[in-house]
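> Structure of the sequence below:
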Amino acid sequence: LELKILALKNAEESNDQQLSMPSRPVALLHNANIQRAKRCLLAYHHHRMQIIKDIQRLKPSNDIAATNAISAPISTNAQEVAFAQEYAALREQYAAEVFELNMLPPTSHMLQVRVLKEVGQVVLPDSGRSITLNKGASLFLDRADVENFLQQGIVQVVDGEEVDF
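Numbers count the residues shown, from 1 in each chain. Coordinates of the predicted model:
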């Protein structure tokens, strides 16, 4: 508002729309103040949303009573409570469609093997990684990468799995 008043006063004094030299620092300072206030509000808003998301990630997803109990202490602001509920619903929908969020990544395709014969440096067929097979070394590799080595008797599975190839 003050900026508009200064601009109108300056426009009356001169016919062009530019601010006069004495009022430019005031306008620039006022604009900088507005921009800083916007950045502060956006940072606060982002911080609040992160807190709500963190709380939603930590709570159990199936318990409706827990949803209401956890949503209430987040904020007394109706918009934030609504955001928390919508975020929880969206997260549950995504988890149902794609995968279970509480599960660890699958490791069944990985094997821990011990090298029985000295081979040297090899390039694994599937992953393309280069490894060195020294006798007695213990490695954690993809099942597809060690399939041929298991058949040839170069490596053996350490974790006790029986593997038939």
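
> For Val155, grab phi and psi.
Here is the backbone geometry of Val155 (degrees, to the nearest 10): phi -130, psi 160.

> ok, now how distant is it from Thr132?
Noted for Val155: a distance of 13 Å to Thr132, by Cβ to Cβ, to the nearest Å. Where C-beta positions appear, they are placed from N, C-alpha and C, glycine not excepted.

> the bottom helix or strand of this structure by mean pLDDT?
helix 64-74 (a mean of 48; mean pLDDT, DSSP states H and E).

> Buried residues, whatever helix or strand comes next after that one. List them.
Next in sequence after helix 64-74, counting helices and strands by DSSP states H and E, comes helix 78-97. Within helix 78-97, the residues scored as buried using 16 or more other Cβ atoms under 10 Å are 80-81, 83-84, 87-88.

> Over to stretch 30-49?
Buried-residue list, stretch 30-49, by 16+ other Cβ under 10 Å: empty.

> do the same with stretch 110-127
Within stretch 110-127, judged by 16+ other Cβ under 10 Å, the buried ones are 111, 113, 115-116, 119, 124.

> Name the SS class of Ile51, please.
Under the three-state scheme (DSSP: H, G, I helix; E, B strand; the rest coil), Ile51 adopts helix.

> Tell me which of Val155 and Thr132 has more neighbours.
Between Val155 and Thr132, counting by other Cβ atoms under 10 Å, Val155 is the more crowded of the two (23 against 12).

> Looking at pLDDT only, which of the buried residues of stretch 110-127 scores worst?
Confidence by pLDDT is poorest for Leu111 among these, given 83.

> Surely that residue is in contact with Val157?
Yes: look at Leu111 against Val157 with Cβ atoms under 8 Å: they come within range, at 5.6 Å.

> so where do the strands sit in the chain?
According to DSSP state E, the chain carries its strands in the segments 110-115, 120-123, 130-133, 138-142, 155-157.

> Now these in TSV, please, with extra columns for distance to Lys53.
Compiled in TSV, the strands of the chain are given as follows (distance: least, Cβ to Cβ, whole Å):
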stretch	distance to Lys53
strand 110-115	31
strand 120-123	43
strand 130-133	40
strand 138-142	33
strand 155-157	41
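
> And the ones you listed: which comes nearest Glu97?
Of all those, it is strand 110-115 that lies closest to Glu97, at 26.5 Å by Cβ to Cβ.
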